[in-house]
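Student: Predicted coordinates and the sequence they were generated for:
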Amino acid sequence: MAKNIMIQGTMSNAGKSLLCAGLCRILKQDGFRAAPFKSQNMALNSFITKEGKEMGRAQVVQAEAAGILPDVRMNPILLKPTTDVGSQVIVNGVVRGNMSATEYYKHKLEFVPDIMEAYNSLASEYDVIVLEGAGSPAEINLKQDDIVNMGMAKLADAPVLLVGDIDRGGVFAQLYGTIALLEEDEKKRVKGTVVNKFRGDRAILEPGIKMLEDLCGVPVAGVVPYLHVDIDDEDSLTERFSGSDIRKLIDIAVIRLPRISNFTDLSVFGRFENVSLRYVEKPSDLHDPDMIIIPGTKSTISDLKWMRESGLEAAVMKAVSGGALLFGICGGYQMLGNSVSDPSGVEAGKESSIRGFGCLPMDTVFEGEKIQTQTRGIFKDVEGLLSPLNGQAYEGYEIHMGRSENKMPAVTGNGTVFGSYIHGIFDAPGIAETVLRVLCEKKGADFSKLRSFDIVNYKDQQYNKLADAVRSGLDMDLVYRIIGL
């Protein structure tokens, strides 16, 4: 069986996912076959494997860093929030239904056999498993029957590194307080702490590090710098949503839906110089973009109502009448049709229907079985502004409960309004460049000023940059001793 190590954090967004990705790349560089694992993930950003199974994108990123294909065993439980108190529960890539938080907590121990089957299967094939926790192991109201932090560490007999976020302040209290709230057997699993997201001179930290080691009884395994790497984020805690509102040569506005999902579909545009990718929540922030994207959502009907009530629907249609390109992806695509209906309460647990934007001649009906598939092909029969896509290869994946009449395999639309069910549709070589070239030609701008790049090589460079930063910040000799290598 594989050796292992678990990264737990003092809070959400302490940097666990990136550190796990960094460790996966370091292990790969050092000649080990590593695989990531997170027993339970709560996120709307998901991915479909080649087998048609759904998993969280954080483990997809970590798998890419490890140089292996994403595998649903890396994330056996995925919770996709549908409301503030309920989620769609996905077990080993397959939907088990919607549950309220209370209902899930009553039944979550029933999923332990599924979790351990996935973990043991992975551990039989790799040298090292890099486990990731969720939130904090010291959430004392949730510790009973835990299956993702110390509960998972016990099941896998994994040593733990506890990570604190110094960028938000109070890192010493975070780390010491978390350990203080652990049970004695849990404390013994913590083999070191990590100060993450540090900016400045490490020498200033030394007195605090020595005191922390004395208080906690374990070494500080490293001080990792604030990472300036361009790697896909896990969920809505991403800093991308609060980015600059400066409009560049080509301006793309993304509607930040309340239940936005798979926003990484759009990351490729933000990696071009002189392209602004802005996330918009109110009409006054829309301005006059060259392109508007309505992304995926876990709650199409609810988010469409929000757009209508907030005035964003009217603002978007005004921009389209002024010549802006409008593109909807998955749930955003469904909104562009004539109607969206959920007669069986599949999405929100109650029957509902709503009028769509009316931009595309289609109606969408939600059904019980989710479509989960990878897809690829050649663009054809695309009319209007995006007709230059015809003949190019695309690939991506579909995740949706709704079925839409008159949808085409890849892109539906004409004129300046288009939509697609395919997540990742802009990622294939040349697709984003074609869209941006069209926008430049329409605007009379010089496409060469956008500075295109090779996305595959770019991502690989970012993983290596991440590994270099993590390696420089951690005591890797100590980490390897903790793993048992």
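Tutor: Arrived safely.

Student: counting contacts, what elements does the longest strand belonging to the chain pack onto?
Tutor: Ranked by number of residues, the top strand in the chain under DSSP state E is strand 363-378. Judged by 3 or more C-beta pairs under 8 Å, 6 or more residues apart in numbering; DSSP states H and E, the packing partners of strand 363-378 are strand 46-48, strand 339-342, strand 393-404. Placement of C-beta: from N, CA and C, glycine included.

Student: Can you add mean pLDDT and mean neighbour count and give those strands back as CSV?
Tutor: Converted to CSV, these look like this (pLDDT from 0 to 100; neighbours: other C-beta atoms under 10 Å):
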stretch, mean pLDDT, mean neighbour count
strand 46-48, 93, 25
strand 339-342, 94, 19
strand 393-404, 92, 20
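
Student: would you turn those strands into CSV with distance to residue 366?
Tutor: Putting the helices and strands packed on strand 363-378 into CSV (distance: least, C-beta to C-beta, whole Å) gives the following:
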stretch, distance to residue 366
strand 46-48, 18
strand 339-342, 4
strand 393-404, 5
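
Student: Can you give the domain ranges for this structure?
Tutor: 3-231+461-483, 250-444 (automatic domain parsing).

Student: Would you map the strands across the stretch 251-400 of the chain?
Tutor: Assigned by DSSP state E, counting those that start in this stretch, the strands in the stretch 251-400 of the chain fall at 260-261, 275-280, 291-294, 296-297, 325-329, 339-342, 352-355, 363-378, 393-404.

Student: who touches residue 179 in this structure?
Tutor: For residue 179, the contacting residues are 162, 187, 190, 193, 216, 218, by C-beta atoms under 8 Å, 6 or more residues apart in numbering.

Student: do residue 419 as well
Tutor: The contact partners of residue 419, by C-beta under 8 Å, 6+ apart, come to 327-329, 332-333, 336, 360, 411-413.

Student: how close does it sit to residue 333?
Tutor: Residue 419 is 3 Å from residue 333, where distance means C-beta to C-beta, to the nearest Å.

Student: And the longest helix seen in the chain, what does it pack against?
Tutor: For the chain, the longest helix by residue count, based on DSSP state H, is helix 455-473. When contacts are defined as 3+ C-beta pairs under 8 Å, 6+ apart, helix 455-473 sits against helix 16-29, helix 57-66, strand 220-225.

Student: what are the pairing partners of the helix or strand bottoming out on mean pLDDT in the chain, and which direction each?
Tutor: Every helix and strand in the chain was compared by mean pLDDT, DSSP states H and E; the lowest is strand 412-414, with a mean of 85. In the sheet containing strand 412-414, its partner strands are strand 417-420 (antiparallel), by DSSP bridges.

Student: Could you list the low-confidence segments of the stretch 101-250 of the chain?
Tutor: Applying pLDDT under 70 to the stretch 101-250 of the chain flags the ranges 234-244.

Student: what about the helices in the stretch 201-350 of the chain?
Tutor: With DSSP state H, counting those that start in this stretch as the criterion, the stretch 201-350 of the chain has helices at 206-216, 267-270, 300-310, 312-321, 331-335.
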